[in-house]
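**Student:** Kindly return the folded structure for what I paste below:
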Amino acid sequence: MFLDTFTFDLYNSFESSADKEIVRLINERDKLNKKYNDLDNNQTNEKTEQEIMDIEVDKHYCLIDMEYIKEEIWTLIEMKIIYFFKFLELNTKKLIRTAFSGTKTKDFYKWEVLINFLKSRNIKPESLKGFFEIKQLKDVNNALKHNGNFREDLKNAIPEFKKKEIVSFYHLNTFYSRIKTFPKIYLADLASAIQTELYEFDPEKIDRIAHNIAFQMERNDADLLINAIKTKY
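**Tutor:** Residues are numbered from 1 along each chain as shown. Next up is the predicted model:
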């Protein structure tokens, strides 16, 4: 039941509050941009030198404020992506710890460690729905956390960044909008794959289990195990 309903209550609480602030900042930037254009279009032929200087100063401060707002918006979108990947990491660990009791998940922040663990449990990560997209999320997250610069190979791998000389907050947010539904899709499919591994059996799987037990146990111990299993039904 836990595996069936694992993703039902997952909710990214940070996204909605960040989006409200981003909308506010974009509106503020648009107002400043309009103010700048109005100042720029202001006729100067009948103005005093001081009035012209005041207009230029106002335009200068508009540009400074717009640049600052642009950096604020970038930071919020950056935080959305970093938070969302951490949200995915935490829920992946929770799912695995609950399904495979006693599993140490401390090192699962290392991508290779997590992938190898899943493979050891007969789960093929690459076949899970949303795997390709969460790998993109991981790569963008890592780039943002380390230096904020995107390598050319990463830019070419992300449709929103491809052929962009400079990745703007608009491109970053478009990437987030495309990617944001996939972690939940991935976690749901991972939960389903874990359920299959733990609770569903076909002849091939049963034979594999029997082979492993036969390799590990003496005949007398195997007979005891068979009898013990029979008493449970």
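**Student:** low-scoring pLDDT stretches of the chain, where are they?
**Tutor:** 1, 43-44 (pLDDT under 70).
**Student:** where do the helices sit along it?
**Tutor:** Ranges of helices within the chain are 2-5, 13-40, 49-99, 111-120, 131-146, 152-157, 169-179, 182-199, 203-216, 219-231, based on DSSP state H.
**Student:** Including mean neighbour count and distance to K163, could these go into TSV?
**Tutor:** (C-beta placed from N, C-alpha, C; glycine too.) Listed next are those as TSV, based on neighbours: other C-beta atoms under 10 Å; distance: least, C-beta to C-beta, whole Å:
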stretch	mean neighbour count	distance to K163
helix 2-5	12	42
helix 13-40	14	24
helix 49-99	16	20
helix 111-120	14	27
helix 131-146	17	17
helix 152-157	13	8
helix 169-179	18	11
helix 182-199	18	23
helix 203-216	10	47
helix 219-231	10	60
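**Student:** Of all residues in the protein, which one is nearest the centre?
**Tutor:** Geometric centre of the chain, nearest residue: F85, 3.5 Å, by C-alpha atoms, centre = their mean.
**Student:** which residues touch the residue of the chain most remote from its centre?
**Tutor:** Checked against the mean C-alpha position of the chain, the extreme residue using C-alpha atoms, centre = their mean is E46, at a distance of 56.3 Å. Taking C-beta atoms under 8 Å, 6 or more residues apart in numbering as the contact definition, E46 lies against nothing.
**Student:** Okay, it and V57: tell me how far apart.
**Tutor:** Taking C-beta to C-beta, to the nearest Å as the measure, E46 falls 19 Å from V57.
**Student:** Could you do M217 as well?
**Tutor:** Relative to V57, M217 is positioned 86 Å away (criterion: C-beta to C-beta).
**Student:** same deal with E165?
**Tutor:** Distance, E165 to V57, using C-beta to C-beta: 31 Å.
**Student:** cool, and N27?
**Tutor:** With distances defined as C-beta to C-beta, the gap from N27 to V57 amounts to 24 Å.
**Student:** again with F84
**Tutor:** 41 Å.
**Student:** circling back: tell me who's in contact with the closest residue to the residue nearest to the centre of the chain other than its chain neighbours.
**Tutor:** Of all residues beyond its chain neighbours, the one nearest F85 is N141 (4.0 Å), with distances taken as C-beta to C-beta, 6 or more residues apart in numbering. With contact set as C-beta under 8 Å, 6+ apart, N141 has these partners: I81, I82, F85.
**Student:** Got the domain ranges for this protein?
**Tutor:** Per automatic domain parsing, the structural domains of the chain span 8-200, 204-233.
**Student:** Now render the ones you listed as CSV, adding distance to F2.
**Tutor:** Conversion of those to CSV gives the following (distance: least, C-beta to C-beta, whole Å):
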stretch, distance to F2
domain 8-200, 6
domain 204-233, 21
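**Student:** Reformat the helices of the chain as JSON lines; add distance to T105.
**Tutor:** Shown next, in JSON lines, are the helices of the chain (distance: least, C-beta to C-beta, whole Å):
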{"stretch": "helix 2-5", "distance to T105": "16"}
{"stretch": "helix 13-40", "distance to T105": "22"}
{"stretch": "helix 49-99", "distance to T105": "4"}
{"stretch": "helix 111-120", "distance to T105": "8"}
{"stretch": "helix 131-146", "distance to T105": "16"}
{"stretch": "helix 152-157", "distance to T105": "27"}
{"stretch": "helix 169-179", "distance to T105": "23"}
{"stretch": "helix 182-199", "distance to T105": "13"}
{"stretch": "helix 203-216", "distance to T105": "24"}
{"stretch": "helix 219-231", "distance to T105": "29"}
